[in-house]
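Following is a predicted model, sequence given first.
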Amino acid sequence: MNAMDAGKNAMNAMDAGKNAMNAMDARKNAERTLGRAACTLRAMAYLILLVAAAGLTAGKGDESEQCSVYLAESSTDHVLGSFAGKSFQRDELIGSSDAVVQAFDLRYHNRNEDKKHAVMLENFLSTCWSADSNGGGNEAEDVISAVGGPCFSSAGHVGMINAVIYQPATLLKTDTDLLASGYDETTSPGRGAFTLHHNLTLIAVDKITAGSEIFLDFGAEYSGYEDTTKANIDDYRKMDEAIEKMLVFFNKHAENIGEKAADEVYQFMKNDVLDLTAEARAPAARSLLPPTYHGLQEIIDKGGSALVTYPSVVKDVDWLKNNAYCQDNLVVGVSEIEHAGRGAFTKRDMKKGEVVAPMPLVALNYGRKALAIEQYLNEAGEEVDSDDSSEDFDEDGVTKKVKTQQMLNYMLEHPKSSVLFFPAGPLVPYINHGGQEANVKMIWSTKPWSHVKATQSVPVEELSGVGSVDFILELVATRPIKKGEEILLDYGESWAKAWKKHTDEWKKNKNKVTLSSAMVLNEKYHSTNNAEPFPPSSEDGSGFGNGNVALQCLLLYDEDKVERRRNEDGTRTKVYPWIPHPANANRLKTDSAIRSINRGGCRIVERSGDDTSGYRYVVQPESNPDILVKNVPQSAIRFVDLPYRSPHHDETAFRHPIGFPDTIFPAAWKDLPDGHEDRDEL
């Protein structure tokens, strides 16, 4: 038995040896196979990297060619809407930076007009933004801002806000590009002729997928944020979070507890729990939930409760390419035309006949009259108020003086019409006069969703009530235009003659302004090239400037982190640290120190830091001189023009509207008789 066992063991040993040999061979074969596979994988990885690199390069090229934001009819109503041509991440800027055209005290200067005139004026003003959104509020007592591009054409929606005006872009703007070009505001005949308010743009406050409509926050009061009968943006976001948690619960427990019990739990959550947690907002929140828990997954799959409620807010990008207008064909730069300020340049090659920019119009009835600024001056040159609307207002030693708002320069006008039209297209305010060198022209919209033909027969007195969706002109290329070319429009012969007359008189009179504006002083301390630090007020006896400007700070401080500084007289002063964001963020989480609401007069007390680490300041707010704010960055300290002292208010500034071509101007809008007075005298 032992021999037999030994034999078996030997046989087993031989088998084990064979198996070991086979295993070794298999291992070698596997190693060879894996080696070949590794080589193949490395080669594939190399190819993938090459393709990826090529894709990245192509992607960059494609991105410059791809339109990022479109203009079309809104998904919510027959109004204008903006749509994303690409995906935007949270905190990503949307579209090209644009100009802001300010108008000053329009209601005051039109206070004596009749009710019909007032209604027409309010229709125009309703399309404008408050100047607090872009830093222009210090220009006058009452400032409104006419804007274009996505800031104008985007609709509002209380439940689907995904973008806001990015205030830091305008409040922290610099003018290094313009001043470095040789523009001198003290000697240029262009002083006061073009707006100095620029860099207006939108920022995404949530992820926006390609094709989605862009909705702006017009303010809680305007959009009905507190209305408990309909869901607002917080309801959508909170319920989406709740839906995700509910889905996790039912995926885990529904099968174990059974259909009936699962439904009872869901109804308990939907009714009792919501009533307890959402309180007054429970009905609006409940409307976002499906009838049964089986519908929760569908809401997640479709991108959330807002998209389920309003599925049409997302358009196919190919549809947008074929049926909408691109709003980012242009970028801003310093114009190649002397004294013109900034200009609009093509972002990509444009074919002849291609739409360079859409121009939605806003009508201002009695336009010249509405933009006129009447002043009554006494013998000392001081303005005196008069509520007398009669033409023969007269007091001893009082003279009447009439000038015109800068906004007139951006308006379209036909010589036989009393109506002015503001073209609210993307970067259109930057498009300068080209005369015979013009490379674009105006035509009426060719889009079927814009009912421009019907608008052309609307009586003059009703034009202010026409929505811009049915009031669109197209700027089309009259020849092929290369990327980087400046876009030029023929403003008309009347404009050209007026500009020549203005420049001739400027040279003859040798007009020169001695006091610098805030733009020039800010360049000293905020230049993108070589900015200087602010000196403390004690080191600058002039108070940083002149009678045209004031120093202001953008202050937000943490009231919970107060320090107390001992003064020489034994008293103590509270010192708070400057913070970039509030401790409790708002509903859109976009509150920051860099907002107009946080801007006010200030005095610099101390300075610390250097060029390398950056400068920080201790400042004293004018609104609360009993405290100090420390760690204020240099970027948050700015000069602003005092009311009515910026170049926009210059009495010698050029004023003339852009000509509305007679070839496309509707006969129904020609309400002025032949031989009427020459309005250019204004």
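Received it, and whenever you're ready, just let me know what you need.

quick one, what contacts residue 487?
By Cβ atoms under 8 Å, 6 or more residues apart in numbering, the residues touching residue 487 are 330, 343, 344, 345, 346, 356, 357, 431, 439, 440, 475, 481. Where C-beta positions appear, they are placed from N, C-alpha and C, glycine not excepted.

Tell me what the fourth one is bridged to.
The residues listed as beta-bridge partners of residue 345 by DSSP bridges are residue 331, residue 486.

what about it, how many neighbours?
A count of nearby residues for residue 345, using other Cβ atoms under 10 Å, gives 21.

What is the end-to-end distance of stretch 125-141?
16 Å (Cα to Cα, to the nearest Å).

Can you give the contact residues for that stretch?
100, 102-108, 143-147, 151-152, 165, 167, 170-171, 197, 200, 362, 424, 468, 552, 596-597, 599, 640-644, 646, 648-649.

In that stretch, which residues are buried?
127-129, 131-140 (16 or more other Cβ atoms under 10 Å).

What is the most widely separated pair among the residues you listed?
127 and 138 (22.5 Å; Cβ to Cβ).

need the helices for the stretch 151-300 of the chain, in chain order.
All helices of the stretch 151-300 of the chain, identified by DSSP state H, counting those that start in this stretch, fall at 167-171, 176-180, 220-223, 233-257, 259-268, 274-278, 282-286, 296-301.

nearest to residue 570, of those?
Between the helices of the stretch 151-300 of the chain, helix 167-171 lies closest to residue 570; by Cβ to Cβ that is 39.0 Å.

roughly how far is the closest one from the heart of the chain?
9 Å (Cα atoms, centre = their mean, to the nearest Å).

Same check on stretch 124-138?
The answer for stretch 124-138 is 12 Å, by Cα atoms, centre = their mean.

can you start the count at 14 instead of 1 from here on
Will do, 14 is the new start, and the previous item becomes stretch 137-151.

Can you give me the end-to-end span of it?
End-to-end span of stretch 137-151 (Cα to Cα): 22 Å.

try stretch 101-108
Stretch 101-108 end-to-end distance (Cα to Cα) = 11 Å.

Show me what counts as buried in that stretch.
In stretch 101-108, counting by 16+ other Cβ under 10 Å, buried: 101, 107, 108.

following the lengthiest strand in the chain, which helix or strand shows up next?
The longest strand of the chain (DSSP state E) is strand 612-623. Next along the chain after strand 612-623, taking DSSP states H and E as the criterion, comes strand 627-634.

Sheet partners, orientation included, of that next one?
Partners of strand 627-634, by DSSP bridges, with direction: strand 612-623 (antiparallel), strand 640-646 (antiparallel).

can I get these in CSV with mean pLDDT and distance to residue 528?
Formatted as CSV, the strands paired with strand 627-634 follow (pLDDT from 0 to 100; distance: least, Cβ to Cβ, whole Å):
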stretch, mean pLDDT, distance to residue 528
strand 612-623, 94, 19
strand 640-646, 96, 27
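
Quick check: which of those strands is buried the most?
Mean neighbour count (mean count of other Cβ atoms under 10 Å) peaks for strand 640-646 among the strands paired with strand 627-634, with a mean of 20.

quick revisit: possible to save the strands paired with strand 627-634 as a markdown table with distance to residue 267?
Output for these, formatted as a markdown table (distance: least, Cβ to Cβ, whole Å):
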| stretch | distance to residue 267 |
| --- | --- |
| strand 612-623 | 55 |
| strand 640-646 | 54 |
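
Kindly state which of those is positioned closest to residue 590.
strand 640-646 (5.3 Å).

So what touches the closest one?
With Cβ under 8 Å, 6+ apart as the criterion, strand 640-646 contacts 566, 568, 570, 578, 586-591, 618, 627-634.

Distance of residue 334 relative to residue 78?
12 Å (Cβ to Cβ, to the nearest Å).

and what of residue 473?
Residue 473 is 42 Å from residue 78, by Cβ to Cβ.

Neighbour count: the two, which is higher?
residue 473 (18 against 11).

just checking, the more buried one touches residue 681?
Yes: at 7.3 Å, residue 473 counts as touching residue 681 under the criterion of Cβ atoms under 8 Å.

Could you look up the SS state of the residue lying closest to residue 325 once chain neighbours are set aside?
Nearest non-adjacent residue to residue 325, counting by Cβ to Cβ, 6 or more residues apart in numbering: residue 88, 4.3 Å away. Here residue 88 takes the coil state, with states given by DSSP: H, G, I helix; E, B strand; the rest coil.

Which parts of stretch 540-553 count as buried, going by neighbours?
544, 546, 547, 550.

Residue 385 is nearest to which of the strands paired with strand 627-634?
strand 612-623 (30.3 Å).

quick one: contacts of the closest one?
Residues beyond strand 612-623 that count as contacts (Cβ under 8 Å, 6+ apart) turn out to be 148, 184, 546-550, 563-568, 628-636, 641, 650-651, 653.

and the residues you listed, which are buried?
148, 184, 546-547, 550, 563-568, 628, 630-634, 641, 650-651, 653.

wait, what's in contact with the residue nearest to residue 206 when sequence neighbours are not counted?
Spatial nearest neighbour of residue 206, chain neighbours left out: residue 667 (4.2 Å); criterion: Cβ to Cβ, 6+ apart. Contact analysis of residue 667 by Cβ under 8 Å, 6+ apart lists 202, 203, 205, 206, 422, 511, 512, 515.

Now do the fifth one against residue 371, distance only.
From residue 422 across to residue 371, the span is 21 Å (Cβ to Cβ).
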